[in-house]
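after the sequence you'll find the predicted model.
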Number of protein chains: 2
Amino acid sequence: MASIRDVAKKANVAACTVSRVMNGTANVAPETRQKIEDAMKELNYIPNELARGMFRQKSGTVAMLIPSIRHPYFSNLAHCIESKLYEKGYKLMLCSTDGQIEREREYINILKTNIVDGVIMGVSDLEDNEYQQFDKPMIMLDYDAGKKLPIVVSDHEKGGRLAAEKFMESQCRYVIHIGDRELSKVESYKCHTALAHALNAAGIENRFIEIKWNEFDFSGYLEIAKTILEKYPQVDGVMAADIQAAAFLKAALKLGKKIPDDFALVSYDGTYVADVNLVNVTSIIQSADKIGDKTVEILLKLMAGQKLTKRKYLIDVVRKDGETTK
Amino acid sequence: MASIRDVAKKANVAACTVSRVMNGTANVAPETRQKIEDAMKELNYIPNELARGMFRQKSGTVAMLIPSIRHPYFSNLAHCIESKLYEKGYKLMLCSTDGQIEREREYINILKTNIVDGVIMGVSDLEDNEYQQFDKPMIMLDYDAGKKLPIVVSDHEKGGRLAAEKFMESQCRYVIHIGDRELSKVESYKCHTALAHALNAAGIENRFIEIKWNEFDFSGYLEIAKTILEKYPQVDGVMAADIQAAAFLKAALKLGKKIPDDFALVSYDGTYVADVNLVNVTSIIQSADKIGDKTVEILLKLMAGQKLTKRKYLIDVVRKDGETTK
DNA sequence: TTGTACGCGTTATCAG
DNA sequence: CTGATAACGCGTACAA
């Protein structure tokens, strides 16, 4: 591995001159520059980013923690964020916790060791103070950890209202909505409270059911959907995250329900899973693009030492009407 | 940021003693140890991984290049690899190229700068020598770049044969198979040659159609599927990657074809996309788990300076029969 | 315009 | 058992 000194020696200059040529930090005589550039080529010189990072106390890398990279919502979000970071000259370190709290904690500790310049938290099973104690720039997604921690999040209240509208238009009488964490700090829980609020106001019965984060097992979700539909035969409307919604769709059809006449379905998130199905599912779409852009934008500001103008950034959601509602 | 010297000063010892306590590289008197541990706690000391990495010329990070993290096959594979790496104490840097050759090249250049200890190449649009010139441990996935570059890949010939069996059992007369790169160095292309070979031997007409890597646009795939089915009305069998297969399923049903009587479908890859659909699609499953395990295993060997016993590692594939074939 | 000397945080070596 | 010193590769005052 050729170092900057090897290049300097070959070009008969000092190491710092080589550095200057690379970074354009000072004027260098054209001939000297040429000599150095030749030497670099000849030695196939590649600067050591680790050493650079050590000097400027920066690694040029950002970490993103998520529960699982194979979950369509997070894989989509990770994609958007990675693209944006790449554009800005940053690399992405991806950390899946698999829903294990210990793993989340361990990752956070690893990330304290200067290998990343900032963190995007797409998972949140720790106590608030554990996030607050993290002393590098950090952005929370979908979880309000209080204090000065900035949060980027979809407008889930609107999401809940948009779903409610569709259940009303479909003349539903009993709606079930599925979520994985009943916790007010989890912002996405607001789509459930908003939905319930709107349905109650319209005199439509509804019930929230919690299904634990399940490492991604469709047949498991299918079983749960069947069980729920059998336990509550009067149900004529369901809202659930994309994959769970697909499970309900399949289960409802198996039980002979007519869609959307007997049964309305709204899928939350709006990843491609809602498109790929044979039936176009009505869905509330979180814009991964916009979330990613905003997240990276404010993370860059923080890493540059700037202050943010606000703590919470709300991203618009939209509804895409499909064949599962009237 | 407290450094090791700050700790040393506070404990009235030399920096190297602190280092010894942290790494257990030598015996330290219990009292000295205690003093140092107290000082570390008090200063909230966290070792700088960047400096450590610089010293031992290792970063503890592995990069994986893939075309897109939101593609279900790659997101699943990335998940398996990240898990395995985490288990072994390595971090994963994820690099999406979006199918852009320039971006692949740029990423490779970035990765030469010592920020990763090894690379897993899940994308391959460059010339073989560009991979060969990369002087860190590198494992190729699904692409044979020649020379000494190790490759981990599914047994695509078996995959093709397994698919052929199903088309025969379904009494197909004209099978279309969709791929994205007709190139013998791309190992997955072998599923097409094997399929064609088996079908030809059985006297079944078949045709390979190339569809370019399309940044993940289901409606686009749906249009293509429709066009193909209209252009070749005699087609009664299709093999395609999961998402494209879903598009064909939808298009075929729209055209009034009965499945599996008029039309047989085999989906290649076997990600959850094949499960989530209303109809269970017969699919050839690449084991992301096994690919991930083997890839990490041999990458670790290379990074430890060991030699590999062979260059090509073949991973078994299986077929999961669904409702889209007889 | 160019070179010298030092610091970034850690660890290995060698001496005591 | 412990400390001083050098080294990893690079960037920047400061001096020439």
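Looks like it arrived, so ask away. Residues are numbered from 1 along each chain as shown, chains lettered A, B, ... in the order given.

around DNA strand C, which positions in chain A sit nearby?
Residues of chain A lying close to DNA strand C by Cβ under 7 Å from any atom of the strand are A:12-17, A:20, A:26-29, A:31-33, A:51, A:54-55, A:57. All C-beta atoms are positioned from the backbone trio N, CA, C, and that covers glycine.

list buried members of those residues by neighbour count.
A:13, A:17, A:20, A:28, A:32-33, A:51, A:54 (16 or more other Cβ atoms under 10 Å in any protein chain shown).

quick one: the spatially most central residue of chain A from DNA strand C, how far?
Chain A has A:Leu77 as the residue nearest its centroid, 4.4 Å off, counting by Cα atoms, centre = their mean. Using Cβ to the nearest atom of the strand, to the nearest Å, one gets 33 Å for the distance from A:Leu77 to DNA strand C.

quick one: that residue is in a helix?
Yes - assigned with DSSP: H, G, I helix; E, B strand; the rest coil, A:Leu77 falls within a helix.

isn't A:Ile211 right up against A:Asp180?
Yes - in terms of Cβ atoms under 8 Å, A:Ile211 counts as a neighbour of A:Asp180; the distance is 6.0 Å.

now do the contacts for the residue nearest to the centre of chain A.
Contact analysis of A:Leu77 by Cβ atoms under 8 Å, 6 or more residues apart in numbering or on different chains lists A:66, A:122, A:141, A:288, A:291-292.

pLDDT below threshold where in the stretch 101-250 of chain A?
Applying pLDDT under 70 to the stretch 101-250 of chain A flags the ranges A:215.

list the buried residues of the host helix or strand of A:Ala198.
Using DSSP states H and E, A:Ala198 falls within helix A:190-201. Within helix A:190-201, the residues scored as buried using 16+ other Cβ under 10 Å are A:190-192, A:194-199.

and chain B, which of those residues contact it?
Restricting those to those within reach of chain B (Cβ under 8 Å from any Cβ of the partner chain) leaves nothing.

can you redo those as TSV with distance to B:Lys166?
Listed next are the buried residues of helix A:190-201 as TSV, based on distance: Cβ to Cβ, whole Å:
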residue	distance to B:Lys166
A:Lys190	47
A:Cys191	42
A:His192	43
A:Ala194	47
A:Leu195	44
A:Ala196	47
A:His197	51
A:Ala198	48
A:Leu199	46
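
which one of those sits closest to DNA strand D?
A:Lys190 (45.8 Å; Cβ to the nearest atom of the strand).

my read: the closest one touches A:His156, true?
Yes - A:Lys190 is in contact with A:His156 according to Cβ under 8 Å; the separation is 4.1 Å.

quick one: contacts for the closest residue to A:Lys136 other than its chain neighbours?
Computed as Cβ to Cβ, 6 or more residues apart in numbering or on different chains, the closest residue to A:Lys136 that is not its neighbour in sequence is A:Gly118, at 5.8 Å. Taking Cβ under 8 Å, 6+ apart, we find A:Gly118 in contact with A:62-63, A:136-139, A:299, A:302-303.

one more: A:Ile211?
Neighbours of A:Ile211 in contact, by Cβ under 8 Å, 6+ apart: A:178-180, A:221, A:224, A:244.

and which of these is nearest B:Lys41?
Of all the contacts of A:Ile211, A:Asp180 has the smallest distance to B:Lys41: 36.8 Å, by Cβ to Cβ.

pick out whichever of the contacts of A:Ile211 sits closest to B:Gly203.
A:Tyr221 (42.9 Å).

secondary structure class for that closest one?
helix.

is A:Ile101 in contact with A:Leu126, as I believe?
Yes - with contact defined as Cβ under 8 Å, A:Ile101 counts as touching A:Leu126 (6.8 Å).

thinking again about what came up before, any idea which of the buried ones among the residues of chain A next to DNA strand C the model trusts least?
Lowest pLDDT among these: A:Val28, with 88.

give the contact list for it.
Counting by Cβ under 8 Å, 6+ apart, A:Val28 has contacts A:17, A:20-21, A:36.

dump these to a markdown table, plus distance to DNA strand D and secondary structure.
Shown next, in a markdown table, are the contacts of A:Val28 (distance: Cβ to the nearest atom of the strand, whole Å; DSSP: H, G, I helix; E, B strand; the rest coil):
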| residue | distance to DNA strand D | secondary structure |
| --- | --- | --- |
| A:Thr17 | 8 | helix |
| A:Arg20 | 6 | helix |
| A:Val21 | 9 | helix |
| A:Ile36 | 12 | helix |
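
can you tell me what sits against stretch A:287-298?
So stretch A:287-298 is in contact with A:73, A:76-77, A:79-81, A:83-85, A:88, A:120, A:139, A:141, A:150, A:152-154, A:308, A:313, A:315-318, going by Cβ under 8 Å, 6+ apart.

of those, buried ones?
Those of these that meet the buried threshold are A:73, A:76-77, A:79-81, A:83-85, A:120, A:139, A:141, A:150, A:152-154, A:313, A:315, A:317, by 16+ other Cβ under 10 Å.

which bits of the stretch 201-326 of chain A sit near DNA strand D?
Counting by Cβ under 7 Å from any atom of the strand, the stretch 201-326 of chain A has no residue next to DNA strand D.

which stretches of the stretch 201-326 of chain A form helices?
For the stretch 201-326 of chain A, applying DSSP state H, counting those that start in this stretch gives helices covering A:218-231, A:242-254, A:273-276, A:288-303.

and what of the stretch 51-200 of chain A?
Counting by DSSP H, counting those that start in this stretch, the stretch 51-200 of chain A has these helices, from start to end: A:72-87, A:101-111, A:128-132, A:156-169, A:190-201.

between those, which gets nearest to B:Glu169?
Among the helices of the stretch 51-200 of chain A, the nearest to B:Glu169 by Cβ to Cβ is helix A:72-87 (32.4 Å).

then the closest one to CSV, C-alphas only?
Output of helix A:72-87 as CSV, limited to C-alpha atoms (Å, rounded to 0.1, in the frame of the first residue of the first chain):
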residue,chain,number,x,y,z
PRO,A,72,-40.6,-3.5,2.3
TYR,A,73,-41.3,-0.2,4.0
PHE,A,74,-37.8,0.0,5.5
SER,A,75,-36.0,-1.3,2.5
ASN,A,76,-37.7,1.4,0.4
LEU,A,77,-36.8,4.0,3.0
ALA,A,78,-33.2,2.8,3.2
HIS,A,79,-33.0,3.0,-0.5
CYS,A,80,-34.1,6.6,-0.6
ILE,A,81,-31.8,7.6,2.2
GLU,A,82,-28.8,5.9,0.7
SER,A,83,-29.4,7.6,-2.6
LYS,A,84,-29.7,11.0,-1.0
LEU,A,85,-26.6,10.4,1.2
TYR,A,86,-24.6,9.2,-1.8
GLU,A,87,-25.5,12.4,-3.6
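
good, we can wrap up now.
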